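Student: Kindly generate the corresponding structure for this input.
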Amino acid sequence: MDAPCSVRNLSTTGPGRHSAPLRPRPPHTLAARFNADAMSTEPRPLIKRVRKPSEPGLGLYTIGTALATLGVGMTAIQLGFREPPLHPALPQIVQALAVVALVVLIRRRASKLPDEPTRLTDLALGVVVIAGIIAGAFVGPAAMAAHGATALLLLRELWRLNAFLSSRLVNPSLLFPLSFIFLIASGTLLIKLPVATPEDNPISWVDALFTMTSAVCVTGLTVRETLGDFTPVGHTIIGVFIQLGGLGLIIFGSTLALLLGGRLSFRQNITLSGAMEQYPAHKITSFIRFIVITTIILELAVAAAMYPLWRSADGSEIAPLQRIGLSLFHSVSAFCNAGFDLTGDSMVPYRTAIKAQLLVLTLVVIGSTGYFVLQDVGRVVWPPARKRAMRKGHKPPRLSLHSKLVISTTLIVYAAGFVAILGAQLAYAGPAQLGQTVADAHFMSLAARTSGFNTVPMEELAPGSRFSLMILMLIGGSPGSAAGGVKTVAVALLALSVIATLRQRNETEAFGRAIPDALVKKAATIAFSLLALILAATLLLCILEPFEFERIFFECISAGTTTGLSLGITEELSPASKVVLIFTMFLGRVGALALFAALLQGKAHGGRYSYPHETVSLG
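Tutor: Got it, this is the predicted structure:
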């Protein structure tokens, strides 16, 4: 009689082999698989991220950044106090141990990424730090080399952390505002050091945060006089963070990585492309080089031209080192459209110095035009670029639609602002000094619109001139620059949309090209979000402060558009009002619309349906 059939009987057995029951066969039809998946209770991730076990994770990058930050912190303790709070040897020992641990960590991380080409550079920087510490000359060249190498190690670690975050963990769109938050926090800690301010006039935490937010966001509003209330160390800190804020920490870190032998990953190129208004990702590296080279050449050239023009208030000679500092500071401030000054009263002391005004205006106009237009104009005007294009059989390069809109709108806005300010000032003060009034209107319509530099004391401006400046500040600079405001291209699109509506055209047109409706909607959204930000800040300050509405509204427009002009109430604001302006400057710099869109990215899904149309009355 045959044995009954069972799973055990059907199992595979044999000498030295264990019995293994047969497993149920997986469903072989689509319906059966769907039913099996539906009955399963195991959670399934929407996106499964696959990472090799040996690949370094977030922890190693975070620890590296923390060690580098600790080393820089020890540098701040050694150099930032008139009387060090710790024994002099303790910060040196901690700094040396932090750098040694960092180099070991970098080696371990590099072993998990064999193709990383930056290990020798990190090792060399570590050797420089240790050698400087052993030398013990913490006020001489050895100390400065050690501290500088520690700072470079921190910047490299920040770049690596940024690279990891942009490719793995977070929404890359958030890296731009997060980098500004990091810069503001770092600058606040540095400007709070005792050596940054006079010994008898220390700065409060709120004022330190306000000052560095204004510097990083290239605004120019100040609650303390930059010249008298900060030491040369404080001036240096402010100038460095103006430059970092103007370029952006991500661009600066990418530049440093390229200079020290690193490279940008594909994901980093995509992230930078998004931060640069969708600039082609495969050209990001060359574009970053163009940005840095252009910035360095222009700032150094104008600083050299400024050197012989400085004069003291009492007519005494200014020391050469002080001249260099004044030239570099104002060159950086003008090109980044920051508006900070070391004269005590902006450009008012140089109201009749035409050469100084022209140099400042040159940097302000170029800086507010944007790198996209500068590169485009250089490609069209520079003879070698034209010959290269002709040699390849291409047509001669022409300006893009973006460049045409920027240049034409800038000229129109300048002309309108010049006429408005000139007319208002002549009606207010009379034609007694016609030549000076024309020069003032020329400077104010160009520089005051984006940078906050002014040659006329604000209390001498006519009401019509103040109103004109409000409109000019709202328009602001151009995309791709450090200037704020709605931006010239957005204003141009809104104006062209109105013209198209009046002409009953279905599309917005400019220079023989049709502009997508999505861009026009985005321009309207940008303008609305900035106006909403300014109105909200104005309402809060009207509640918190007793000043006239005009002065408060002017202040909020200046903060939201990161311009920096003021009618003299900034230093008199309460701490609560300063905090309101801090948020206004930050959102005006990073863009309230861009920040909220980044926070909500992935939560808004376009529906696969559309509602029926219905008209409404517009009045």
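
Student: Give me the below-cutoff pLDDT ranges for this structure.
Tutor: Within the chain, the set of residues satisfying pLDDT under 70 comprises 1-56, 110-130, 132-143, 162-163, 165-173, 249-282, 313-315, 385-386, 389-394, 592-608.

Student: So which residues of it form strands?
Tutor: Counting by DSSP state E, the chain has strands at residues 508-510, 513-515.

Student: Contacts only, for L539.
Tutor: Contact partners of L539, counting by C-beta atoms under 8 Å, 6 or more residues apart in numbering, are absent. The way it works is simple: take the backbone N, C-alpha and C, and place the C-beta from them, glycine included.

Student: What separation do you get for it and I471?
Tutor: For L539, the distance to I471 (C-beta to C-beta, to the nearest Å) stands at 20 Å.

Student: quick one on the thing from earlier: deepest-packed of the strands of the chain, please.
Tutor: Comparing these by mean neighbour count (mean count of other C-beta atoms under 10 Å), strand 508-510 comes out on top with a mean of 18.

Student: still on that earlier bit, now distance to V590 too, for the strands of the chain, in TSV please.
Tutor: Formatted as TSV, the entries for these read as follows, by distance: least, C-beta to C-beta, whole Å:
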stretch	distance to V590
strand 508-510	27
strand 513-515	25
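
Student: which residues touch the closest residue in space to M458 that isn't next to it in sequence?
Tutor: Excluding its sequence neighbours, the residue lying closest to M458 (C-beta to C-beta, 6 or more residues apart in numbering) is L567, at 5.5 Å. With C-beta under 8 Å, 6+ apart as the criterion, the residues that contact L567 are M458, E459, R466, E550, R551, F554, E555.

Student: go with 10 Å
Tutor: For L567, the contacting residues are 458-459, 461, 466, 547-548, 550-555, 558, taking C-beta atoms under 10 Å, 6 or more residues apart in numbering as the criterion.

Student: One more: W382?
Tutor: Counting by C-beta under 10 Å, 6+ apart, W382 touches R388, P397.

Student: Relative to P198, how far out is it?
Tutor: 48 Å.

Student: State the number of residues packed around the nearest residue to T62 once chain neighbours are set aside.
Tutor: Counting by C-beta to C-beta, 6+ apart, L161 is the residue found nearest to T62 once chain neighbours are left out, at 7.0 Å. The criterion is other C-beta atoms under 10 Å. On that basis, L161 has 18 neighbouring residues.

Student: next one: E225
Tutor: Applying the criterion other C-beta under 10 Å, we find 13 residues in the vicinity of E225.

Student: Against T222, how distant is the closest residue in space to it that isn't next to it in sequence?
Tutor: Residue nearest to E225 in three dimensions, not counting chain neighbours: G344, with 6.4 Å by C-beta to C-beta, 6+ apart. For G344, the distance to T222 (C-beta to C-beta) stands at 11 Å.

Student: which of these two has more neighbours?
Tutor: Under the neighbour definition other C-beta under 10 Å, G344 and T222 were set side by side, and T222 has more, 23 against 12.

Student: Next up, phi/psi of that one, please.
Tutor: phi -130, psi 140 (degrees, to the nearest 10).

Student: is it true that it touches I569?
Tutor: No. Counting by C-beta atoms under 10 Å, T222 stays clear of I569, with 12.0 Å between them.

Student: got the contact list for the closest residue to S574 other than its chain neighbours?
Tutor: In space, and not counting its chain neighbours, S574 is closest to L544: 6.1 Å by C-beta to C-beta, 6+ apart. L544 makes contacts with I552, L573, S574, P575, A576, S577, K578, V579, V580, as judged by C-beta under 10 Å, 6+ apart.

Student: Phi, psi for the closest residue to the second one other than its chain neighbours please.
Tutor: Spelled out, it's L573. Counting by C-beta to C-beta, 6+ apart, E545 is the residue found nearest to L573 once chain neighbours are left out, at 6.6 Å. For E545, the backbone dihedrals (degrees, to the nearest 10) come out as phi -120, psi 150.

Student: Now for E545, how many residues are close by?
Tutor: Using other C-beta under 10 Å: E545 sits among 18 other residues.

Student: Does the residue nearest to E225 touch R224 like I think?
Tutor: No. Assessed by C-beta under 10 Å, G344 is found out of contact with R224, at 11.9 Å.

Student: Now do the closest residue to R466 other than its chain neighbours against L567, distance only.
Tutor: Distances taken as C-beta to C-beta, 6+ apart place F554 nearest to R466, at 6.5 Å, with adjacent residues excluded. Taking C-beta to C-beta as the criterion, F554 is separated from L567 by 5 Å.

Student: Show me whatever sits in contact with both of these two.
Tutor: Counting by C-beta under 10 Å, 6+ apart, the residues touching both F554 and L567 are M458, R466, E548.

Student: No further queries at this time; thank you.
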